[in-house]
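J.: Here is my input, please return the structure:
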Amino acid sequence: MKTQERLKKKESTSIVIFPGQKWIISFDTNIFNIINDFEEKKVRIGYKYSKYGKNKFYNEEIEIDFSEYSGFLNYISDVDEFKNSVDNLKKSMESIDKDIKKLAVLIENGENYG
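T.: Reported below is the predicted structural model:
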């Protein structure tokens, strides 16, 4: 409820965003909660903008349907898990490689390893 009240207060607001800056709206939750727990999964945002110091305004509207993101996010999650597995495997291989090199030096120097 606090988030809804905060967003309603900002329903009509005037802010300056310069080139290279972004305006971010926080719903105080993550997208998985929206997809899994929220009844309403769409948000429509209308905005009006102009070049700084100009009087000509442009009206835009965007609708975001979070339910459309679910398949994409699952894919990203799977890719991230795979990347983490590969990263862990790489660390293990580097450790094994280091140990083999140490062992090779010991054997080369005629030292008894064991």
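J.: List phi and psi for the spatially closest residue to residue 49 that is not a sequence neighbour.
T.: Taking CB to CB, 6 or more residues apart in numbering, and ignoring the residues beside it in sequence, residue 49 has residue 58 as its nearest neighbour in space, at 5.6 Å. (Glycine included, C-beta is placed from N, CA and C.) Main-chain dihedrals, residue 58, degrees, to the nearest 10: phi -120, psi 130.
J.: Counting by contacts, list what the biggest helix by length in the chain packs against.
T.: Of all the segments of type helix in the chain, defined by DSSP state H, the longest one is helix 70-108. Packing partners of helix 70-108 (3 or more CB pairs under 8 Å, 6 or more residues apart in numbering; DSSP states H and E): helix 31-37.
J.: and the helix it packs on, how far from the chain's centre?
T.: How far helix 31-37 lies from its chain's middle: 15 Å, per CA atoms, centre = their mean, to the nearest Å.
J.: can you dump the C-alpha coordinates of that helix into PDB?
T.: Extracted C-alpha coordinates of helix 31-37, given in PDB (Å, rounded to 0.1, in the frame of the first residue of the first chain):
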ATOM      1  CA  ILE A  31       9.700  -8.900 -11.100                       C
ATOM      2  CA  PHE A  32       9.300 -12.500  -9.900                       C
ATOM      3  CA  ASN A  33       6.800 -11.300  -7.200                       C
ATOM      4  CA  ILE A  34       4.900  -9.300  -9.800                       C
ATOM      5  CA  ILE A  35       4.700 -12.400 -12.100                       C
ATOM      6  CA  ASN A  36       3.800 -14.900  -9.400                       C
ATOM      7  CA  ASP A  37       1.900 -13.000  -6.800                       C
END
